[in-house]
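J.: take a look and give me a structure for this.
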Amino acid sequence: MVYSPSCPHSFTSSLCDYVIGLPVQCNIRGDYEISLPVQCNIRGDYVISLPVQCNIRGDYEISLPVQWNIRGDYVISLPVQCNIRGDYEISLPVQWNIRGDYVISLPVQCNIRGDYEISLPVQCNIRGDYEISLPVQCNIRGDYVISLPVQCNIRGDYVISLPVQCNIRGDYEISLPVQCNIRGDYVIGLPVQCNIRGDYVISLPVPWNIRGDYEISLPVQWNIKGNYEISLPVQCKIKGNYEISLPVQCNIRGDYEISLPVQWNIRGDYVISLPVQCNIRGDYVISLPVQCNIRGDYEIGLPVQCNIRGDYVIGLPVQCNIRGDYEISLPVQWNIRGDYVISLPVQCNIKGNYEISLPVQCNIRGDYVISLPVQCNIRGDYVISLPVQCDIRGDYVIRLPVQWNIRGDYVISLPVQCNIRGDYVISLPVQCDIRGDYEISLPVQCNIRGDYVISLPVQCNIRGDYVISLPVQCNIRGDYVISLPVQCNIRGNYNV
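T.: This is a model prediction of the structure:
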């Protein structure tokens, strides 16, 4: 250890500037227990480094716990560089109670073969301006349990990054949970970039209670082969102005369960985006549920762009209790082959002025069940659009039921444009209990061949001035049953 020459050799000095280095360089073979605990009560300006460089073979337990109570300006680095073979338990827990301006880095760079348990937990009670980085770069082969939990109670301005870059082969359990109780202005990034082969359980849960202005990004980019369970749940109770992005870009082959649920209780002005871009082959269960209790002005986008082959269950349910002015978009664009169950239900209890759009553009081949139910209890001025544009071949069940209890001025459009071949059951039922001035349009334009049952029932209990249009333009060949029943209990001035 190297200290300032004018200061006593003590960790408890309040007047010293320190450079503390505990490097460990190992070329070891056998069974080891390695521990480098550092417990510090320090005040001043520090550069703290605990690098571990190892070329080891055998069975190991490696622990580098750091516990400190520090005040001042710090540069803290705990890099671990390993070329290891065997069975390992690697733990780098960091527990601190710190005040001041910090640059904290805990990078782990590994070229490892064998069975591993790697844990880098960070528990922090910190005040000040921080840059926290826990990058993990791994070239690993074997069976792994990798955990990078971060639990923070922090106040101030932060830049927090937990990037994971992996080239791994084998069976893995990867967990990067972040639990934060933070106040201030934040930039939080948890990018995961993976080139992995094998069977995986990948979890990146982020539960936080945050106040302030935030930019939150959890991008996941992977090129994976095998059987996967991928979960990126985000549970947030947040107040302030936010930009939240959870993009998932996938080139995957195998059997998958992909879930990106977002549950939040948020107040303020938001830009929320959960785009999913996929080039996938195999059998999939894809779910992007969004459950929201939000107040303020929002732009919510959940676009799904897919080039997929196989058997799929795709669900993008949106359940919202929202107040304010909103733009909600759930566009689905896919080029898919196989057997599908596709559901995009929207259940809303909303007050304010809205633009809601759920466009579906499909070039699909196979047997499908497509459902886009919209159940709404809404008050205010709305523009609601559920356009479906399809070039499909096969046997289909297509449902776009809309059930709403709405008050205000509306423009509602459910256009269906289809170029379809096969046997179909198409249903677009609209059940409405509405009060106000409305323009309702359910146009169906079809170029279809085969046997069809087409039903567009409209059941309405409406009061006000309405323009209701259900035009059907069809160039069809085959045997058809076409039904457009309209049952209305209406009061007011209408053009039907």
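J.: give the bridge partners for Asn111, please.
T.: Taking DSSP bridges as the rule, Asn111 bridges to Asn83, Asn139.
J.: you'd agree it is up against Gln137?
T.: No. Using C-beta atoms under 8 Å, Asn111 makes no contact with Gln137, being 9.7 Å away. Using the backbone N, CA and C atoms, a C-beta is placed for each residue, glycine as well.
J.: mind checking how far Val332 is from Gln277?
T.: 12 Å (C-beta to C-beta, to the nearest Å).
J.: between the two, who's got more neighbours?
T.: The neighbour comparison of Val332 against Gln277 (other C-beta atoms under 10 Å) goes to Val332, with 22 against 16.
J.: residues contacting the more buried one?
T.: Pro303, Val304, Cys306, Leu316, Ile342, Leu344, Leu358, Pro359, Val360, Gln361, Cys362 (C-beta atoms under 8 Å, 6 or more residues apart in numbering).
J.: swap the cut-off to 10 Å and go again
T.: For Val332, the contacting residues are 276, 302-306, 314, 316, 342, 344, 358-362, 370, 372, 388, by C-beta atoms under 10 Å, 6 or more residues apart in numbering.
J.: confidence score at it?
T.: Listed pLDDT for Val332 reads 74.
J.: quickly run through the sheet partners of the strand or helix carrying Val271, with directions.
T.: Element membership for Val271 (DSSP states H and E) is strand 262-273. Its sheet considered, strand 262-273 pairs with strand 234-239 (parallel), strand 242-245 (parallel), strand 290-301 (parallel) by DSSP bridges.
J.: got these as JSON lines, with mean neighbour count columns?
T.: Shown next, in JSON lines, are these (neighbours: other C-beta atoms under 10 Å):
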{"stretch": "strand 234-239", "mean neighbour count": "19"}
{"stretch": "strand 242-245", "mean neighbour count": "20"}
{"stretch": "strand 290-301", "mean neighbour count": "19"}
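J.: got CSV for those strands, with mean pLDDT and distance to Asp451 too?
T.: Below are those laid out as CSV (pLDDT from 0 to 100; distance: least, C-beta to C-beta, whole Å):
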stretch, mean pLDDT, distance to Asp451
strand 234-239, 80, 45
strand 242-245, 78, 45
strand 290-301, 79, 37
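J.: the ones you listed into a markdown table, with extra columns for distance to Asp433?
T.: Output for the strands paired with strand 262-273, formatted as a markdown table (distance: least, C-beta to C-beta, whole Å):
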| stretch | distance to Asp433 |
| --- | --- |
| strand 234-239 | 33 |
| strand 242-245 | 34 |
| strand 290-301 | 24 |
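J.: picking up where we left off before, what is in contact with Asn111 and Gln137 at once?
T.: Gln81, Asn167.
J.: low-confidence ranges, the stretch 101-250 of the chain, go.
T.: Within the stretch 101-250 of the chain, no range satisfies pLDDT under 70.
J.: now do the same end-to-end measure for stretch 154-162.
T.: When the termini of stretch 154-162 are compared using C-alpha to C-alpha, to the nearest Å, they are 16 Å apart.
J.: chain center to that stretch, what's the gap?
T.: Centroid separation for stretch 154-162 versus its chain: 20 Å, with C-alpha atoms, centre = their mean, to the nearest Å.
J.: what's the answer for stretch 288-306, then?
T.: The mean C-alpha position of stretch 288-306 is separated from the chain mean by 11 Å, C-alpha atoms, centre = their mean.
J.: ok, now stretch 265-277?
T.: The answer for stretch 265-277 is 10 Å, by C-alpha atoms, centre = their mean.
J.: bridged to Cys124, which residues?
T.: Here Cys124, judged by DSSP bridges, has bridge partners Trp96, Cys152.
J.: could you measure from it over to Leu78?
T.: Counting by C-beta to C-beta, the gap from Cys124 to Leu78 is 14 Å.
J.: helix or strand: which one has Val453?
T.: Under the assignment here (DSSP H and E), Val453 is part of strand 452-455.
J.: residues near Leu288, how many?
T.: Per other C-beta under 10 Å, the neighbour tally for Leu288 reads 24.
J.: pLDDT at it, what is it?
T.: Value for Leu288, per-residue pLDDT: 74.
J.: can you give me phi and psi for it?
T.: Reported as degrees, to the nearest 10, the phi and psi values for Leu288 are phi -130, psi 70.
J.: same question for Gly380.
T.: phi 130, psi -160.
J.: the helix or strand hosting Gly324 - which strands sit beside it in the sheet, and in what orientation?
T.: In the assignment (DSSP H and E), Gly324 maps to strand 318-329. Here strand 318-329 has these sheet partners by DSSP bridges: strand 290-301 (parallel), strand 346-357 (parallel).
J.: quick check: which of these is nearest to Ile454?
T.: Nearest to Ile454 among these is strand 346-357 (23.1 Å), distances taken as C-beta to C-beta.
J.: remind me what the helix or strand just after that closest one packs against, helices and strands.
T.: Remark: after strand 346-357, the chain's next helix or strand is strand 360-365, criterion DSSP H and E. Under the contact criterion of 3 or more C-beta pairs under 10 Å, 6 or more residues apart in numbering; DSSP states H and E, strand 360-365 touches strand 304-309, strand 332-337, strand 340-343, strand 368-371, strand 388-393, strand 396-399, strand 416-421.
J.: the ones you listed into CSV, with extra columns for distance to Arg295?
T.: CSV is the format used below for the helices and strands packed on strand 360-365 (distance: least, C-beta to C-beta, whole Å):
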stretch, distance to Arg295
strand 304-309, 27
strand 332-337, 28
strand 340-343, 28
strand 368-371, 29
strand 388-393, 31
strand 396-399, 32
strand 416-421, 34
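J.: that older thread, what's the overlap in contacts for Val332 and Gln277?
T.: Pro303, Val304, Gln305, Cys306.
J.: of those residues - the most surrounded one?
T.: Counting neighbours by other C-beta under 10 Å, the one among the shared contacts of Val332 and Gln277 with the most is Val304, which has 22 neighbours.
J.: who are the contact partners of that one?
T.: Each residue near Val304 by C-beta under 10 Å, 6+ apart is listed here: 248, 274-278, 286, 288, 314, 316, 330-334, 342, 344, 360.
J.: mind checking how far it is from Ser343?
T.: Distance from Val304 to Ser343, by C-beta to C-beta: 12 Å.
J.: any common contacting residues for these two?
T.: Contacts common to Val304 and Ser343, judged by C-beta under 10 Å, 6+ apart, are Ile314, Leu316.
J.: joint contacts of Cys124 and Leu78?
T.: Val94, Ile104.
J.: what mean pLDDT does stretch 271-282 get?
T.: On average, stretch 271-282 scores 78.
J.: and that stretch, end to end?
T.: Span of stretch 271-282 from end to end, C-alpha to C-alpha: 33 Å.
J.: again, but for stretch 212-225
T.: 40 Å.
J.: and stretch 302-311, by the same measure?
T.: 22 Å.
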